[in-house]
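# sequence? don't have it. structure:
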DNA sequence: ACAATTCCAAGTAATTCTATTGGTTATTAA
DNA sequence: TTAATAACCAATAGAATTACTTGGAATTGT
């Protein structure tokens, strides 16, 4: 159930850019802050640019800037865009459903759908702004309830 | 955020064995029901045996049986045993924590911890019996609440 | 002009995932 | 006792993915 390093690195980059809004950051600077190699970052930032999360300036004094404001960057979407569906199995994916020969009568699919929904519930309601403001609430014990009873 | 096919196949096998409790099933029969190759299943079943979920009988009339009763087979544990931590990132794993150089002050870790906790919440409360009885509740819209307010 | 910096394509190395091959050992039934 | 059945086991091979590298082309500011 891992998130790939590509997703992790993309989020690290967005966070760093979010912490320096208004100033242009070079890939090198982002690399220092995120501990990701310049060459790999390059590819990730290019992807983030195509997805319109960031903006670039070429040439001397160039670099990267956030293009959307943090409250409009939804973490679930970033992950989906960079590494595919949030669903643990294709059969339970809403954005990229894949059929499965076992599907009719499959007793596993409801579980995967439930997992997909819980993950999506969390990640689609979290924005870059939430991360920047440390607005994530950790759950412990009894203050966590999945179903309204 | 995918579950590997090994985990999926293991759960399919346990489900099939759960549907035929009391009767010994050969790998071949399990293969037909799960649509997994005999050779790959062999390896998975061996692992499930070492983990004590199933029991085997060698020789003619041999095959596999569940060894634990379905209500004692916790899905989260099966997945963890077969493919590692439920956590999307090592830094947020409770069972197999891995340190990260960015960790102090990392604004991503709380998110990964939250995701880990939600996934674990679902999978550690689901048993094979729940799957066999189709006792998984799909969430929709407003009957799903993550935090008690 | 020149240095800085993004852009881009291609390739490589490592890892993990999935599956196969070729046998060995234990059990049952005839 | 023999033959058939079926689990056990080790080694490895192929495919896919991930992570990263290389080498240069294009753009911009001074």
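Cool, got the structure. These numbers come from a predicted model, not from an experiment.
# So the residue of chain A most remote from its centre versus residue B:33, what's the distance?
Residue farthest from the centre of chain A, counting by CA atoms, centre = their mean, is residue A:105 at 32.7 Å. Using CB to CB, to the nearest Å, one gets 11 Å for the distance from residue A:105 to residue B:33. Every C-beta, even on glycine, is put in place using the N, C-alpha and C of the backbone.
# Can you name the residues of chain A sitting close to DNA strand C?
By CB under 7 Å from any atom of the strand, the part of chain A that sits against DNA strand C consists of A:26-28, A:42-43, A:45-46, A:49, A:56-64.
# which residues in chain A form helices?
Secondary structure of chain A (DSSP state H): helices located at A:5-19, A:27-34, A:38-50, A:75-83, A:109-123, A:128-132.
# Throw those helices into a markdown table and include mean neighbour count and mean pLDDT, thanks.
Below are these laid out as a markdown table (neighbours: other CB atoms under 10 Å in any protein chain shown; pLDDT from 0 to 100):
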| stretch | mean neighbour count | mean pLDDT |
| --- | --- | --- |
| helix A:5-19 | 21 | 93 |
| helix A:27-34 | 18 | 92 |
| helix A:38-50 | 16 | 91 |
| helix A:75-83 | 20 | 92 |
| helix A:109-123 | 21 | 91 |
| helix A:128-132 | 19 | 96 |
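# Take the ones you listed and write them to JSON lines, including distance to DNA strand D.
Listed next are those as JSON lines, based on distance: least, CB to the nearest atom of the strand, whole Å:
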{"stretch": "helix A:5-19", "distance to DNA strand D": "3"}
{"stretch": "helix A:27-34", "distance to DNA strand D": "10"}
{"stretch": "helix A:38-50", "distance to DNA strand D": "3"}
{"stretch": "helix A:75-83", "distance to DNA strand D": "6"}
{"stretch": "helix A:109-123", "distance to DNA strand D": "16"}
{"stretch": "helix A:128-132", "distance to DNA strand D": "20"}
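# Relative to residue B:119, which of the ones you listed is closest?
With CB to CB, the closest approach to residue B:119 among those belongs to helix A:109-123: 6.4 Å.
# do that closest one and chain B meet?
Yes: applying CB under 8 Å from any CB of the partner chain, one finds helix A:109-123 in contact with chain B at A:110-115, A:117-119, A:121-123.
# same thing with stretch A:40-52?
No: counting by CB under 8 Å from any CB, no contacts exist between stretch A:40-52 and chain B, the nearest distance being 14.3 Å.
# cool, stretch A:75-90 as well?
Yes: taking CB under 8 Å from any CB as the criterion, stretch A:75-90 and chain B are in contact, through A:75, A:79, A:83, A:85-89.
# Next: stretch A:128-138.
Yes: when contact is scored as CB under 8 Å from any CB, part of stretch A:128-138 falls within range of chain B: A:131-132, A:134, A:136-138.
# Show me what that stretch is in contact with.
Residues external to stretch A:128-138 that are found in contact with it (CB atoms under 8 Å, 6 or more residues apart in numbering or on different chains): A:11, A:14-15, A:18-19, A:69-71, A:73, A:75, A:126, B:107-108, B:110-111, B:113-114, B:117, B:147.
# Surely residue A:14 is in contact with residue A:54?
Yes: with contact defined as CB atoms under 8 Å, residue A:14 and residue A:54 form a contacting pair (7.5 Å).
# give the contact list for the residue nearest to residue A:119 when sequence neighbours are not counted.
Of all residues beyond its chain neighbours, the one nearest residue A:119 is residue A:86 (5.0 Å), with distances taken as CB to CB, 6 or more residues apart in numbering or on different chains. By CB under 8 Å, 6+ apart, the contact list for residue A:86 reads A:76, A:79-80, A:93, A:116, A:119-120, A:123, B:1.
# Now render those as CSV, adding distance to residue A:101.
Putting the contacts of residue A:86 into CSV (distance: CB to CB, whole Å) gives the following:
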residue, distance to residue A:101
A:76, 29
A:79, 28
A:80, 26
A:93, 16
A:116, 20
A:119, 25
A:120, 25
A:123, 29
B:1, 23
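# And those residues, which is closest to DNA strand C?
DNA strand C lies nearest to residue B:1 out of the contacts of residue A:86, by CB to the nearest atom of the strand, at 12.2 Å.
# Any idea how many residues pack against the closest one?
Residue B:1 has 23 neighbouring residues, counting by other CB atoms under 10 Å in any protein chain shown.
# quick one: it and residue A:88 touch, right?
Yes: here residue B:1 lies in contact with residue A:88, judged by CB under 8 Å, at a distance of 6.0 Å.
# Quickly list what's touching both of the two.
Shared between the contact lists of residue B:1 and residue A:88 (criterion: CB under 8 Å, 6+ apart) are residues A:1, A:119.
# I appreciate the help and will end here.
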